[in-house]
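> Here is a sequence with its predicted model. Questions after.
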Amino acid sequence: MVRLSIVMPVLDEGDTIVAALDALADLRALGVEVIVVDGGSRDATVQRARLRADRVLAAPRGRAAQMNAGAEMATGDVLLFLHADTQLPEAAELLVLDGLEHTGRVWGRFDVRIAGRHPLLAAVAWLMNARSRLTGIATGDQAIFVKRTEFQAAGGFPPIALMEDVALCKRLKRAGRPLCLRERVVASSRRWEKQGIARTVLLMWHLRLAYFFGADPAQLARRYGYE
C-alpha cells in the first residue's frame, strides 16, 4: 500500500505548532507519517511537537537542509512538504495519492488560499495559482508533494538559502509537469500583513527576477529578511 509522509520544517513555532500538528491528527490516524524537522528553535517547539508527530528531528537551520533531513528519514512512498503555517484540505492524502496514481504524474502541488479578509490576499493567491499552473513551478506555500524515488533522483532540495522550492521544481519538471490540484491549502497571512501586502508582492517579484538572472540565494535571503 502506498504511504504518504508529511515533512514539516520548523523554527521557533512554539505558539503555533500545537494547532499545526493537531490539524494532522486525523491523517496520522489513517497511517500518514508526520515528521517535524527543527532548525534550532529556542522556544518550546520541539517539546510540543514530540507529543504530536511520529518523528522530531534536528537539522541545520534552513528549509532546504531541514526538508532534506526529513525526507531522508521518511518511510512513505510519497513526500509532502508542509509549512507549519499552512493547513491541508480535507482528505489530503487521498487527493495526493489518488491524483498521482490516476494521472501518472510523479509530483504536484495544491492551489493555495491566503487566510485573511483583505481583498488583495485573494488576488495574490489567484495570481500564485495561475502562475504556477502556467509555468509548472510551485512555491512552498502550495504544499509540494513528490514520489520519494523522484525526489531522490532529483537530488532533493538544493542547499541554498532561498528559492529552494523553485529550484526543486525546475529539477522535477525534467520528469514531467506537476499535478496541479485545485483543492486549496490555506496559508497564513502573517508574513503579508506584517510587511504589507503590496510591499511583500513587490519584494517577492524582485527576488524571483533576481534569482532568474543568477543572483546569489544567500543575498536574496538577507533581502527577504532571513537572519
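Done, it's in.
> burial of Ala23, as a residue count?
A total of 15 residues lie near Ala23 under the criterion other CB atoms under 10 Å. Glycine gets a C-beta too; all of them are placed from N, C-alpha and C.
> typo on my end, it should be Gln47
12.
> Kindly report the same for Arg133.
Look at Arg133: counted by other CB under 10 Å, it has 16 neighbours.
> Which residues are in contact with it?
Going by CB atoms under 8 Å, 6 or more residues apart in numbering, Arg133 touches Cys180.
> That one belongs to a strand, doesn't it?
No. Counting by DSSP: H, G, I helix; E, B strand; the rest coil, Arg133 is not part of a strand but helix.
> got the residue ranges for the helices in the chain?
Along the chain, the segments classed as helices by DSSP state H run 17-22, 25-29, 45-50, 63-73, 92-103, 119-135, 148-153, 164-172, 190-195, 197-212, 217-224.
> where does this protein dip in pLDDT?
192, 206, 210-211, 213, 215, 217, 220-221, 223-227 (pLDDT under 70).
> swap the cut-off to 90 and go again
Scanning the chain for pLDDT under 90 picks out the ranges 1, 116-121, 124, 160-163, 188-227.
> Apart from its neighbours in sequence, what residue is nearest the spatially most central residue of it?
Compute the mean C-alpha point of the chain, and by CA atoms, centre = their mean the closest residue is Gly140, 3.4 Å away. In this structure, Gly140 finds its nearest non-sequential neighbour in Asp165, 4.4 Å apart by CB to CB, 6 or more residues apart in numbering.
> got the contact list for the one you found?
Counting by CB under 8 Å, 6+ apart, Asp165 makes contact with 138-140, 144, 157.
> if we go to 10 Å?
63-64, 67, 81, 109, 137-142, 144, 157 (CB atoms under 10 Å, 6 or more residues apart in numbering).
> Strands - which of the residues you listed land there?
If you go by DSSP state E, those have 81, 109 in strands.
> pretty sure Gly40 contacts Glu13?
No. Applying CB atoms under 10 Å, one finds Gly40 not in contact with Glu13, separated by 12.0 Å.
> Overlap of the contact sets of these two?
Contact criterion CB under 10 Å, 6+ apart; residues shared by Gly40 and Glu13: Val46.
> Comparing these two, which shows the higher neighbour count?
Comparing Gly40 with Glu13 by other CB under 10 Å, the one with more neighbours is Glu13, at 25 against 15.
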